[in-house]
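Participant: just coords:
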């Protein structure tokens with residue numbers, strides 16, 4: 001998965017929204033694993049990337065664990081006392097149809113990100129769908145507020161990113177890192193997130209700081225529906241840091257399986 005934000009407090013969300021993943025090793029739940037008893041099954045995780053897993057111990061490579069835990073603790077406070085309360089206000093105060101329209105608008109304006117990555121992945125059909133969706137939703141869909149490309153023409157949005165592109169060309173995940181406000185990530189995903197951000201048209205059609213404010217809000221409104229799930233996971237885990245790291249690795253495994 002990716003927050004940027006407005007002014008002072010926005011700077012926090014800013015980083016937060018800019019972000020979400022050799023040998024085969026098996027990682028399963030241990031007795032003290034925070035995944036145990038939570039209803040989340042820690043499927044066997046098999047990696048051919050020795051930058052993620054230690055071939056001798058079978059454990060996750062986390063050389064930056066002290067720094068990662070410090071950043072994670074900072075994120076935890078920010079989520080609970082700033083971002084999640086703001087998300088509640090947004091979810092409860094803004095009518096669902098309006099929130100959907102806002103989400104549609106931002107999805108449409110970011111079509112160049114999908115289009116470019118599908119081309120790099122040598123997927124001309126998907127790139128063509130991206131282009132068609134953009135034209136249809138920008139015109140018939142009133143600047144993207146509506147999604148007639150899906151409802152009228154059955155052209156489904158196919159999410160992708162530079163991280164997926166790099167994965168297809170064999171680029172490893174790199175060191176596991178926790179990014180401010182963004183959370184669990186790795187070198188490849190973090191770098192790809194930054195480059196994808198350079199393809200966002202809002203960066204060029206709006207002047208600063210308006211561009212930053214709008215892009216931060218985009219990430220915030222995308223995060224808001226799932227904000228409460230963080231508190232659920234926090235309440236069910238003994239060690240939230242390990243819990244979230246395991247979930248991140250499950251996501252990496254799932255994404256690799258669908259390549």
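Facilitator: Cool, got the structure. It should be emphasised that the depicted structure is a prediction, and the values quoted were computed from it without experimental measurement. Numbers count the residues shown, from 1 in each chain.

Participant: pLDDT on stretch 106-125, on average?
Facilitator: Mean per-residue pLDDT for stretch 106-125: 97.

Participant: chain center to that stretch, what's the gap?
Facilitator: 16 Å (C-alpha atoms, centre = their mean, to the nearest Å).

Participant: so how far is residue 69 from residue 241?
Facilitator: As defined by C-beta to C-beta, to the nearest Å, residue 241 lies at a distance of 6 Å from residue 69. Where you see a C-beta, it was placed from the backbone N, CA and C, and this is true even at glycine.

Participant: looking at these two, which is more packed in?
Facilitator: A count of neighbours by other C-beta atoms under 10 Å puts residue 241 above the other of residue 241 and residue 69, at 19 against 15.

Participant: list the contacts for residue 117?
Facilitator: Going by C-beta atoms under 8 Å, 6 or more residues apart in numbering, residue 117 touches 160, 161, 162, 164, 165, 196.

Participant: got a PyMOL select line for the buried ones in those residues?
Facilitator: Under the burial definition 16 or more other C-beta atoms under 10 Å, those of the contacts of residue 117 that qualify are selected in PyMOL by:
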select buried, resi 160+161+162+164+165+196
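
Participant: with secondary structure and pLDDT as extra columns, can I get the contacts of residue 117 in JSON lines?
Facilitator: Output for the contacts of residue 117, formatted as JSON lines (DSSP: H, G, I helix; E, B strand; the rest coil; pLDDT from 0 to 100):
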{"residue": "160", "secondary structure": "coil", "pLDDT": "95"}
{"residue": "161", "secondary structure": "coil", "pLDDT": "95"}
{"residue": "162", "secondary structure": "helix", "pLDDT": "96"}
{"residue": "164", "secondary structure": "helix", "pLDDT": "93"}
{"residue": "165", "secondary structure": "helix", "pLDDT": "96"}
{"residue": "196", "secondary structure": "helix", "pLDDT": "95"}
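
Participant: what is the nearest of the contacts of residue 117 to residue 211?
Facilitator: Within the contacts of residue 117, distances to residue 211 taken as C-beta to C-beta reach their minimum at residue 196, with 15.4 Å.

Participant: my read: that closest one touches residue 161, true?
Facilitator: Yes - with contact defined as C-beta atoms under 8 Å, residue 196 reaches residue 161; the gap is 5.5 Å.

Participant: what sits in contact with each of the two?
Facilitator: 113, 117.

Participant: for the residue nearest to residue 108 when sequence neighbours are not counted, what are its contacts?
Facilitator: In this structure, residue 108 finds its nearest non-sequential neighbour in residue 144, 2.9 Å apart by C-beta to C-beta, 6 or more residues apart in numbering. For residue 144, the contact set (C-beta under 8 Å, 6+ apart) comprises 104, 105, 106, 107, 108, 109, 137, 138.

Participant: most neighbours out of the residues you listed, which is it?
Facilitator: Neighbour counts for the contacts of residue 144 peak at residue 137, which has 27 neighbours (criterion: other C-beta under 10 Å).

Participant: can you give me the distance of it to residue 244?
Facilitator: 34 Å.

Participant: and residue 161, how far is that from residue 175?
Facilitator: In terms of C-beta to C-beta, residue 161 sits 19 Å off from residue 175.

Participant: same question for residue 237.
Facilitator: Distance, residue 237 to residue 175, using C-beta to C-beta: 23 Å.

Participant: then residue 112?
Facilitator: From residue 112 to residue 175 the distance is 29 Å (C-beta to C-beta).

Participant: equivalent analysis for residue 251, please.
Facilitator: Taken as C-beta to C-beta, the span from residue 251 to residue 175 is 17 Å.

Participant: quick one: the strands in the stretch 101-250 of the chain?
Facilitator: 176-179, 183-186 (DSSP state E, counting those that start in this stretch).
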